[in-house]
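> Sequence first, then the predicted structure, then my questions.
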Amino acid sequence: MAEGDAVAGAGVRVSLDASASRTDAGALQAWLEQEQPLQDLVRRGTLHIEVRPSTDAAEEHMGSVWEIALRIAGDVTTVAALAEYTARAVRAWQANRRRVEDGEPPRTRVEPLDSDED
């Protein structure tokens, strides 16, 4: 693999619990795209963020229906650093959502993507 090539499956996943709506997932995606340093990675094209239905059967059993995949498209950051940036941004989004909407925000989980995920 050449320097800068993407590693298949490299990235993190944010799983939202069953209380999350498609609107919550979209709002969190937009928030992540604007948070530093994630915003810089998105602008450079080295990070792709997408909302999708949950692909993990265990999560579906637990009630999670949405997830946000953040995929590294180069070697500009590590999965550990990306997970840290993402977790910090998710906590900020949850705090903001508490201020602007009624009720608790969805519970989330940030974890590395499986290496065989598309």
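That came through fine.
> ok, then the element right after the lowest-mean-pLDDT helix or strand in the chain?
Least confident helix or strand, the chain: helix 57-62 with a mean of 52, by mean pLDDT, DSSP states H and E. Sequence order places strand 66-72 as the next helix or strand after helix 57-62, per DSSP states H and E.
> Just list what that following strand packs against, helices and strands only.
Judged by 3 or more C-beta pairs under 8 Å, 6 or more residues apart in numbering; DSSP states H and E, strand 66-72 is in contact with strand 11-16, helix 22-34, strand 47-53, helix 79-100. For glycine as for every other residue, the C-beta is placed from the backbone atoms N, C-alpha and C.
> Repeat the analysis, applying 10 Å as the threshold.
strand 11-16, helix 22-34, helix 38-43, strand 47-53, helix 79-100, strand 108-112 (3 or more C-beta pairs under 10 Å, 6 or more residues apart in numbering; DSSP states H and E).
> which one of these is the most hemmed in?
Mean neighbour count (mean count of other C-beta atoms under 10 Å) peaks for strand 11-16 among those, with a mean of 23.
> measure residue 68 to residue 103 for me?
20 Å (C-beta to C-beta, to the nearest Å).
> So these two - more neighbours on which side?
For residue 68 versus residue 103, the count of surrounding residues by other C-beta atoms under 10 Å is larger for residue 68: 23 against 8.
> residues contacting that one?
Neighbouring residues of residue 68 by C-beta atoms under 10 Å, 6 or more residues apart in numbering: 12-16, 25-26, 28-29, 31-32, 49-52, 86, 90, 108, 110.
> Equivalent analysis for residue 11, please.
By C-beta under 10 Å, 6+ apart, residue 11 lies in contact with 47-49, 69-73, 77, 79, 82-83, 86, 112-113, 117.
> In this structure residue 70 contacts residue 52, no?
No - the criterion here is C-beta atoms under 10 Å, and residue 70 misses it with residue 52 at 11.6 Å.
> Could you name every residue contacting both of these two?
residue 13.
> and the residue nearest to residue 96 when sequence neighbours are not counted, how far is that from residue 95?
Spatial nearest neighbour of residue 96, excluding adjacent residues (C-beta to C-beta, 6 or more residues apart in numbering): residue 31 at 7.4 Å. Residue 31 sits 11 Å away from residue 95, going by C-beta to C-beta.
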